[in-house]
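Enquirer: Sequence below, structure please.
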Amino acid sequence: MNNQTPKKKLSALIAEKRSQKQKRDNSDNLVLMDPHEAINSYVQFQCKKTGFIEQESPEHYCLWDNNYPEHPGRVSVPRKRLEELQLIERCEKVTRQTFSEELFLMKHTKDLIDKLKRSSSIPRNELEKYSSNWDSVYFTKDTFLSAVTAAESALTLSLKVAQGSLKNGLALIRPPGHHAMKDEMCGYCFLNNVALAADAAISKQLTKKVLIVDHDVHHGQGTQRLFYERDDVLYFSIHRYENGLFWPNLRESESDYIGEGKGKGYTVNVPLNETGMDDSDYLAIIINILLPIAYEFKPDLILISAGFDCAIGCPEGEMNVSPHFFAHLVSLLSGLADGKVVVCLEGGYFLESLAEGVACSLKALLGDFPHPLNIDSKPTVKDSLQKVINNVKYFLREYWECFKHEPSFDYPIEGRDIDEENEHVTNIRFEFVGPVIIPYETTGFYPQRSDDEIKTYNQIVDDYRKEYLNGRKCSNVVGYVYDDHLLKHGPTENLGKTIPERSERLTEIINCCEKFGLKERCKLIETSKHDERSWLEKIHERNYLNTVFQLENVPEKPDWFHNEYTSSCIQKSISSILSLAKAIHSGDIRSGTAIIRPPGHHATFDSSSGFCFVNNVVAAGEYLIRQEKYKRILIVDFDIHHGNGTQNLTYDRSDILYLSVHRFDQGKFFPTCKEADCTYTGKNAGEGYNVNVPFNKVSSLILI
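Expert: A predicted model of the protein is given here:
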């Protein structure tokens with residue numbers, strides 16, 4: 001007798017393992033996620049307003065130096081620009097609240113507070129000598145009050161945003177704060193406004209994680225030190241460094257200073273080792289470093305230490321960042337933390353670019369579209385910055401998943417040189433060797449522009465303002481197109497199974513829009529006639545269109561069905577999307593969505609499948625190029641299926657860039673075509689204008 005247990009088939013073993021896993025997944029500890037949680041919380045938040053708070057501190061100015069860069073005009077000039085653009089009236093003005101000294105002692109020592117208080121009672125003729133005890137600060141009898149009210153303004157606004165009573169906000173305040181350390185005043189700063197706000201939001205349990213983005217051209221060593229061992233505050237700084245030769249001349253401003261203890265990986269320094277960095281350089285930092293980390297960190301609140309001394313014209317920064325770049329930064333960050341973004345003024349000493357940078361930031365907070373960045377079609381990133389970005393990735397790759405895919409190698413390798421074009425070896429240089437001289441200078445230590453330079457840079461900023469004025473003008477309203485007639489398209493007979501492409505797809509969208517209050521906030525665009533057949537003949541073969549519009553004798557398939565209303569629904573879809581495109585072009589609306597069916601991205605020049613008949617999106621692109629004289633159209637397709645039809649119709653064109661993110665599974669996922677792979681990049685004039693991002697399902701092997 002054979003007493004051995006009979007061997008199970010592989011299929012039975014796999015099924016058994018799956019069953020065991022299912023039982024584990026269905027345990028009492030299983031937490032069900034609400035797929036609508038994010039949209040529900042966001043909708044409640046969206047009806048809130050943008051907050052605005054101002055603290056000019058007119059009595060805080062340098063008594064002995066009329067040319068001192070940090071002065072009340074740094075608030076009054078930007079405020080005047082905001083008033084010219086009627087931006088403040090679109091905000092909710094916030095009244096400053098007072099806070100106890102205990103709150104300030106959470107980030108600063110009693111000794112620092114006492115020394116700051118003492119300045120209020122020092123005779124005027126002794127204030128300059130008293131100021132020389134600290135690096136780059138001055139005092140008046142009102143400095144203590146000015147520093148406290150600036151900090152309280154940042155606190156008030158940030159806490160209101162954190163608790164959800166405001167959508168976001170701008171704090172136009174001075175004196176700045178990001179150089180203020182626990183026990184030392186420094187660099188025009190006395191109390192660390194942003195650090196106090198971040199710490200208060202967490203300690204009051206209004207937020208769990210805060211992201212601080214510091215784009216001041218000087219490294220915010222004060223903020224870095226105050227959170228260096230914490231993992232609930234991520235400090236990110238872009239600053240001029242020049243291998244330590246630029247103030248504050250600290251080794252800790254380098255990219256290898258990433259935090260300590262549980263805070264390791266939560267300090268991110270991007271030191272710039274040359275001047276003249278422009279929008280493309282800064283954008284490279286945002287795209288390659290900031291956004292990947294920020295999305296992985298998932299902050300609940302974002303505080304921007306907004307130093308506009310990196311803007312064009314500022315003598316302290318000597319960078320070439322346009323004012324409207326800051327609007328792009330705010331917009332990109334607004335996709336995080338439910339849009340809870342607070343912009344707090346730090347530096348910025350060329351008044352015209354400072355004012356315009358503040359205005360562009362506030363416009364972005366209010367939801368206005370940023371002016372397009374003037375980046376070359378083939379932008380270059382400075383060599384020194386490429387090295388810095390690679391340094392940052394190397395030092396942080398152990399702590400952030402977004403950098404772990406970067407391959408690494410051992411160095412040096414005997415008998416092999418580094419391929420500098422494709423390989424990077426970290427190289428840290430610190431060149432500052434100057435001694436710290438106390439007492440510190442109190443006047444004339446800062447760079448200044450000549451009259452001719454001021455005139456030149458004023459003209460540059462004025463040219464930007466003319467660009468903004470002559471840019472796209474549109475109503476600040478989102479539009480949509482929809483027609484009940486589109487619900488009538490369907491099969492003429494029972495195809496044997498439930499069809500996913502059915503009228504409920506549209507009705508559910510409309511119901512959700514009503515539920516979340518979107519319909520009342522958007523404008524319904526009236527559909528007008530556009531000679532649909534003529535526009536379709538520009539992208540589809542004529543005989544194929546004859547078939548589409550005479551479907552009576554065409555056999556149906558599960559993914560290509562029709563009835564007596566299908567042809568009219570196709571025409572209605574085309575007229576709808578063309579009407580929407582026209583409304584956006586004319587400025588009647590700023591943007592919009594077409595709630596239409598049948599879909600279209602599987603429709604090629606002379607055939608189709610996947611529930612599609614004609615290519616709605618390409619028809620709209622063709623209309624904008626031919627009728628409205630657009631030069632370039634970007635089509636972004638995030639349907640799970642590759643839009644083979646859209647690719648087919650645009651593959652040899654350079655005026656339409658097609659980008660598709662889709663499931664591929666080595667070509668086995670619908671529409672099962674090899675052309676959906678990443679190696680298919682266009683042809684002829686369209687070479688490089690077709691971008692496929694195919695996802696391949698990873699097979700899992702069950703080992704018994």
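Enquirer: ranges for the helices of the stretch 101-250 of the chain?
Expert: Along the stretch 101-250 of the chain, counting by DSSP state H, counting those that start in this stretch, helices occupy 101-104, 110-118, 127-131, 143-163, 193-203, 221-226.
Enquirer: ok, Lys529 - contacts?
Expert: Lys529 sits next to Ser575 when contact means C-beta atoms under 8 Å, 6 or more residues apart in numbering. The C-beta positions use only the backbone N, C-alpha and C, and glycine is treated the same way.
Enquirer: same check, this time on Gln55
Expert: Neighbouring residues of Gln55 by C-beta under 8 Å, 6+ apart: Val75, Arg96, Ser146, Thr149, Ala150, Ser153, Ala171, Leu172, Ile173, Arg174.
Enquirer: returning to that earlier point: could the helices of the stretch 101-250 of the chain go into JSON lines alongside distance to Asp419?
Expert: Putting these into JSON lines (distance: least, C-beta to C-beta, whole Å) gives the following:
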{"stretch": "helix 101-104", "distance to Asp419": "53"}
{"stretch": "helix 110-118", "distance to Asp419": "51"}
{"stretch": "helix 127-131", "distance to Asp419": "53"}
{"stretch": "helix 143-163", "distance to Asp419": "47"}
{"stretch": "helix 193-203", "distance to Asp419": "42"}
{"stretch": "helix 221-226", "distance to Asp419": "34"}
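Enquirer: that older thread, just the buried members of the contacts of Gln55?
Expert: For the contacts of Gln55, a burial check counting by 16 or more other C-beta atoms under 10 Å picks out Val75, Arg96, Ser146, Thr149, Ala150, Ser153, Ala171, Leu172, Ile173, Arg174.
Enquirer: of all the helices of the stretch 101-250 of the chain, which lies closest to Phe308?
Expert: Shortest distance between Phe308 and the helices of the stretch 101-250 of the chain, using C-beta to C-beta, is found for helix 193-203: 15.0 Å.
Enquirer: Show me which residues of the closest one are buried.
Expert: Across helix 193-203, burial judged by 16+ other C-beta under 10 Å covers Asn193, Val194, Ala195, Leu196, Ala197, Ala198, Asp199, Ala200, Ala201, Ile202.
Enquirer: Closest to Glu318 out of these?
Expert: The closest of the buried residues of helix 193-203 to Glu318 turns out to be Val194 (C-beta to C-beta; 24.2 Å).
Enquirer: My guess is the closest one contacts Cys344. True?
Expert: Yes. If you go by C-beta atoms under 8 Å, Val194 and Cys344 touch, sitting 5.3 Å apart.
Enquirer: secondary structure element for His424?
Expert: Assigned by DSSP states H and E, His424 falls within no helix or strand.
Enquirer: Quick check: it vs Arg397, distance?
Expert: Relative to Arg397, His424 is positioned 12 Å away (C-beta to C-beta, to the nearest Å).
Enquirer: can you check Arg533 too?
Expert: 56 Å.
Enquirer: count of neighbours near Ile428?
Expert: Neighbourhood size, Ile428 [other C-beta atoms under 10 Å]: 13.
Enquirer: List the contacts of it.
Expert: Residues in contact with Ile428 (C-beta under 8 Å, 6+ apart) are Glu254, Ser255, Asp256, Asn391.
Enquirer: which SS class is it?
Expert: Three-state call for Ile428 (DSSP: H, G, I helix; E, B strand; the rest coil): coil.
Enquirer: can you pull the contacts of the residue nearest to Leu487 when sequence neighbours are not counted?
Expert: Computed as C-beta to C-beta, 6 or more residues apart in numbering, the closest residue to Leu487 that is not its neighbour in sequence is Ser503, at 3.9 Å. Shown in contact with Ser503 (C-beta under 8 Å, 6+ apart): Leu486, Leu487, Lys488, His489, Gly490, Arg597.
Enquirer: Please tell me which one of the residues you listed counts the most neighbours.
Expert: His489 (26 neighbours).
Enquirer: what's around the spatially closest residue to that residue that is not a sequence neighbour, how many residues?
Expert: Nearest residue to His489, sequence neighbours excluded (C-beta to C-beta, 6+ apart): Cys569, at 4.0 Å. For Cys569, the neighbour count with other C-beta under 10 Å is 22.
Enquirer: Quick check: the gap between Cys569 and Cys512.
Expert: In terms of C-beta to C-beta, Cys569 sits 22 Å off from Cys512.
Enquirer: before we move on, what about Asp417?
Expert: Using C-beta to C-beta, Asp417 is found at 59 Å from Cys512.
Enquirer: Compare these two and say which is more crowded by neighbours.
Expert: The neighbour comparison of Asp417 against Cys512 (other C-beta under 10 Å) goes to Cys512, with 13 against 8.
Enquirer: low-confidence ranges in this structure?
Expert: 1-15, 17-31, 38-39, 41-46, 414-416, 495-496, 698-704 (pLDDT under 70).
Enquirer: just so I have it, where are all the strands in it?
Expert: Applying DSSP state E to the chain gives strands spanning 50-55, 92-93, 168-173, 210-214, 233-240, 267-272, 301-306, 341-345, 478-481, 523-524, 591-594, 633-637, 656-663, 690-695.
Enquirer: in the last one, what's buried?
Expert: Right, strand 690-695. By 16+ other C-beta under 10 Å, the buried positions in strand 690-695 come out as Asn690, Val691, Asn692, Pro694.
Enquirer: Closest one of these to Lys262?
Expert: Nearest to Lys262, judged by C-beta to C-beta, of the buried residues of strand 690-695 is Pro694 at 38.4 Å.
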